[in-house]
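Peer 1: Give me a model of this one.
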Amino acid sequence: MQGIKPAGLGGGSNLDVEGLVNDLIKAEGAPPTNRLDQKEVQIQTNISAMGSFRGALADIQGSLSPLRNAEDMRKVAASSSDDEIVSVSANKDADEGQFSVEVVQLAQAHRLTSESFKSELDPIGSGNLSFQFGKVDPQSGQFVVNDKATVKNIIINDENNSLRGIAQAINQADFGVRASIINDGVGYRLAMSSAATGEINSLRIAVNDNDTTNQDQQGLSRLAYDASPGGNMNLIETAKAQDAVVLLDGIEIASASNEVSDAIKGVTLSLQATTGKEPVQIKTAFDVQGVKDSIQGFVELYNTLIDTIQSVAGYDPETKEAGPLSGDSAIRGVAEQVRRVVGSSFNGVNEDFGSLASIGIQTQRDGKLTVNDSKLQSAIEVDMLQVSKLFARAGSTSDPLLRFVGADDKAAMGAHEVSISQLGSKGRYIGAELGHAARHVIEAADNSLVLKVDGATSSPIKITPGIYQSGAELAEELQRRINNDNVFKREGVTVSVQFVVDQFVINSNRIGSASRVDVISADASLQDVGIDPAQGLVGTDIVGRIGQRPGVGSGQQLTGEGDAKGITIEALGGKTGDRGTVAFSQGVAEQLSVLLENFLGPNGLLQSRSEGYTNRIEDINRQREQLGRRLAVSEQRLLTQFSNLDASLGKMRSTSDFLTNQLAGLPGAKKKDG
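Peer 2: Residues are numbered from 1 along each chain as shown. Below you'll find the model as predicted:
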């Protein structure tokens with residue numbers, strides 16, 4: 001280390017001032033420099049070891065994803081003996097099973113075609129086309145409207161009154177009907193088809209023709225189609241709307257779509273073609289190998305963690321050397337907590353499998369895990385639900401009509417008895433008794449009512465005027481019109497309407513104390529059928545216990561308190577009284593995931609430990625800077641001192657030389673031989 005040389009450095013004697021100062025500075029700086037270097041090497045070793053440890057923990061955390069969720073673990077694989085006829089898929093709700101499927105008929109869309117016209121550009125008429133979807137009831141002959149589909153009115157005027165213009169107007173409206181122009185070699189036809197398959201999506205096209213006649217074969221009336229008795233069928237039906245028909249284990253099932261998803265729980269059948277002589281075999285089974293692979297992956301990474309812990313924090317008796325983090329309490333604490341989780345007992349939530357050891361995952365003397373493959377497979381095949389509880393965040397009920405909904409983060413593991421003293425109920429309005437009326441009449445001028453359902457007030461609801469031959473027929477019309485109200489659609493409010501013991505009953509489809517149906521106003525025709533303005537009955541919430549304390553009810557959902565706090569179940573039906581148990585488990589994968597997040601997260605213990613090592617490196621760098629400044633001051637001081645010494649020695653040498661010369665010149669001084 002060099003400072004600024006004082007004036008006259010090296011100008012006196014032959015003394016090596018700079019070399020002497022450098023040697024002294026090196027001697028002074030070497031011990032503290034060596035100590036700092038050794039500290040840095042040790043800290044860098046610790047940082048590397050901590051990185052290895054954190055990496056092993058992060059690897060385990062990544063392996064837990066497929067094991068944390070019970071639904072993910074209970075994946076069901078579905079297969080078909082002939083995918084070209086019936087392909088199959090399964091979701092988390094599917095159960096194991098085997099089924100025979102015969103496809104009798106595929107669903108198809110309704111297709112209609114007009115008569116042939118000489119040109120696609122010539123005007124054919126103007127007015128209004130009204131499209132409805134539904135089907136003709138074979139008993140009553142009436143057209144039953146599909147209340148889930150859109151009713152669309154399209155105005156035909158001078159700008160779009162050709163075949164091409166009408167087709168374009170239909171397609172631009174985008175309401176579930178596709179139109180095209182077909183040249184049949186003789187002329188041009190307008191072809192229309194429903195986008196949705198199924199009998200309930202048959203088309204009815206009503207025409208309001210500007211020529212004032214809607215039933216003839218002239219003008220826009222040529223596009224009318226109504227298959228109900230007496231209807232105007234001026235279009236040609238080229239394909240009948242029909243449902244898919246399948247025999248599932250001999251049971252006939254009809255579906256509006258070729259995607260049949262409500263016949264087998266959690267399973268969707270995609271119908272491709274009708275079957276021949278042999279039915280298609282559908283099989284659903286738990287993905288046992290997938291679960292085993294996930295568990296094996298976790299075990300392998302856990303064993304890698306044990307090796308890493310031994311490497312960074314253990315002691316090797318052969319080399320008699322300890323790992324760089326052997327004295328780190330954080331490492332020991334993390335390792336101990338991880339081992340404790342892996343050894344957790346689940347006897348309180350599982351009857352047969354109370355630990356990982358019970359399904360073939362044993363802990364060896366060195367802390368590593370081994371897997372008994374046959375024992376693990378047997379456990380999965382015998383009771384996948386109990387196996388999932390060992391790993392995942394999972395819940396179950398012993399009563400099939402109780403459903404485990406979930407548990408909050410503070411819920412404790414365990415099994416709790418359930419008792420229901422009152423099931424939730426729906427709000428309802430009960431109309432006046434009508435006696436044994438044979439039919440019910442709704443007049444055109446008095447056909448409106450306003451309802452308040454679950455806190456939402458409808459706009460005026462118009463009931464189709466007419467003579468209804470039964471209470472059930474009018475109840476169906478009431479339900480359809482009420483549920484089509486725009487306010488109720490926006491608020492997600494729906495009702496069901498029944499005619500029971502000569503009374504109309506309007507039920508909210510919501511359960512609980514927020515459920516209610518009030519008739520705000522009703523025209524005379526509706527009052528004549530017993531629907532008078534009045535308040536209805538308020539629904540009730542479920543009442544019961546989970547564990548030792550009463551739960552909190554909301555609709556049909558009951559949330560526990562006390563020892564069962566945070567656990568929620570839902571009653572799907574059943575009786576009051578004792579209803580078995582609900583069990584909640586936070587399995588090994590769930591517990592480890594939460595634990596590791598606490599360690600590895602941005603505010604976790606290991607993060608603060610790593611930051612501590614980084615701070616120590618920064619502190620060493622600061623000490624080096626301080627040492628450098630101190631040595632620079634020492635160097636400057638020594639240079640000054642040795643420079644002054646050198647100057648003094650130079651003066652002394654000059655004085656010595658002068659005196660020597662003077663003495664040599666004195667009388668009697670001995671002369672040197674020349």
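
Peer 1: can we go C-alpha only for contacts and neighbour counts from here?
Peer 2: Fine.

Peer 1: Next, count neighbours for the nearest residue to Leu402 once chain neighbours are set aside.
Peer 2: Closest residue in space to Leu402, ignoring its immediate chain neighbours: Ala571 at 4.7 Å, by Cα to Cα, 6 or more residues apart in numbering. By other Cα atoms under 10 Å, 22 other residues sit near Ala571.

Peer 1: Next up, the contacts around Ala571.
Peer 2: Leu401, Leu402, Arg403, Leu423, Gln556, Gln557 (Cα atoms under 8 Å, 6 or more residues apart in numbering).

Peer 1: what would these look like in a markdown table with pLDDT?
Peer 2: As requested, these are arranged in a markdown table below (pLDDT from 0 to 100):
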| residue | pLDDT |
| --- | --- |
| Leu401 | 96 |
| Leu402 | 96 |
| Arg403 | 95 |
| Leu423 | 96 |
| Gln556 | 96 |
| Gln557 | 97 |
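
Peer 1: what are the pairing partners of the helix or strand of the chain with the lowest mean pLDDT, and which direction each?
Peer 2: When each helix and strand of the chain is scored by mean pLDDT, DSSP states H and E, strand 315-316 comes last, with a mean of 76. Taking DSSP bridges as the criterion, strand 315-316 forms sheet pairs with strand 321-322 (antiparallel).

Peer 1: On the C-terminal side of the strand it pairs with, identify the next helix or strand.
Peer 2: With elements assigned by DSSP states H and E, the helix or strand that comes after strand 321-322 is helix 329-342.

Peer 1: neighbouring contacts of that following helix?
Peer 2: Ile309, Ala313, Leu325, Leu356, Val588, Gln591, Leu592, Leu595, Phe599, Leu605, Leu606, Arg609.

Peer 1: longest helix anywhere in the protein?
Peer 2: Longest helix of the chain, by residue count under DSSP state H: helix 605-664.

Peer 1: and it with helix 329-342, angle?
Peer 2: Angle between the axes of helix 605-664 and helix 329-342 is 160 degrees (criterion: axes from the mean of the first three to the mean of the last three Cα atoms, to 10 degrees).

Peer 1: Would you check the distance separating helix 605-664 from the middle of the chain?
Peer 2: Relative to its chain's centre, helix 605-664 lies at 68 Å (Cα atoms, centre = their mean, to the nearest Å).

Peer 1: cool, and stretch 20-33?
Peer 2: The chain centroid and the centroid of stretch 20-33 are separated by 66 Å under Cα atoms, centre = their mean.

Peer 1: now do stretch 493-505
Peer 2: From the chain centre to the centre of stretch 493-505 is a distance of 37 Å (Cα atoms, centre = their mean).

Peer 1: What residues sit buried inside stretch 345-358?
Peer 2: Neighbour counts over stretch 345-358 (16 or more other Cα atoms under 10 Å) mark Ser345, Phe346, Val349, Asn350, Phe353, Gly354, Ser355, Leu356, Ala357 as buried.

Peer 1: shaky segments in the protein?
Peer 2: In the predicted model, the chain carries pLDDT under 70 at residues 1-14, 437-438, 669-674.

Peer 1: is it true that Asn34 lies in a strand?
Peer 2: No - judged by DSSP: H, G, I helix; E, B strand; the rest coil, Asn34 forms no part of a strand; its state is helix.

Peer 1: count of neighbours near it?
Peer 2: Asn34 has 11 nearby residues by other Cα under 10 Å.

Peer 1: what about it, distance to Gly612?
Peer 2: Asn34 sits 22 Å away from Gly612, going by Cα to Cα, to the nearest Å.

Peer 1: Please apply the same query to Val144.
Peer 2: 75 Å.

Peer 1: Pick out whichever of the two has more residues nearby.
Peer 2: Neighbour totals were compared for Val144 and Gly612, and Val144 leads with 18 against 13 (other Cα under 10 Å).

Peer 1: Unless I misread the structure, that one falls within a strand.
Peer 2: Yes - remark: Val144 belongs to a strand, assigned using three-state DSSP.

Peer 1: show me what contacts it?
Peer 2: Counting by Cα under 8 Å, 6+ apart, Val144 touches Gly134, Lys135, Val136, Asp137.

Peer 1: now, the most widely separated pair of the contacts of helix 329-342?
Peer 2: Spatially, the most separated pair among the contacts of helix 329-342 is Leu356 and Arg609, at 31.6 Å (Cα to Cα).

Peer 1: circling back to that earlier point, out of the contacts of Val144, who's the most crowded?
Peer 2: Of all these, the highest neighbour tally under other Cα under 10 Å goes to Lys135, namely 23 neighbours.

Peer 1: For beta bridges, what are the partners of it?
Peer 2: Val144.

Peer 1: Is it in contact with Gly198, as I believe?
Peer 2: No - in this structure Lys135 lies outside contact range of Gly198 using Cα atoms under 8 Å: 9.3 Å.

Peer 1: what sits in contact with each of the two?
Peer 2: By Cα under 8 Å, 6+ apart, no residue touches both Lys135 and Gly198.

Peer 1: Pull the distance from whichever strand or helix holds Ala58 to the chain's centre.
Peer 2: Ala58 belongs to helix 17-63 when assigned by DSSP H and E. Centroid displacement of helix 17-63 relative to its chain, using Cα atoms, centre = their mean, is 47 Å.

Peer 1: what angle do it and helix 329-342 make?
Peer 2: Using the same axes, to 10 degrees, helix 17-63 lies at 10 degrees relative to helix 329-342.

Peer 1: so who does Gln215 touch?
Peer 2: Residues in contact with Gln215, defined by Cα under 8 Å, 6+ apart, are Ser221, Asn232.

Peer 1: hmm, 10 Å instead?
Peer 2: Ala206, Val207, Asn208, Asp209, Ser221, Arg222, Ala224, Gly231, Asn232, Met233, Asn234 (Cα atoms under 10 Å, 6 or more residues apart in numbering).

Peer 1: Glu159 now?
Peer 2: Residues in contact with Glu159, defined by Cα under 10 Å, 6+ apart, are Pro123, Ser126, Gly165, Ile166.

Peer 1: So it versus Lys118, what's the distance?
Peer 2: With Cα to Cα as the criterion, Glu159 and Lys118 are 19 Å apart.
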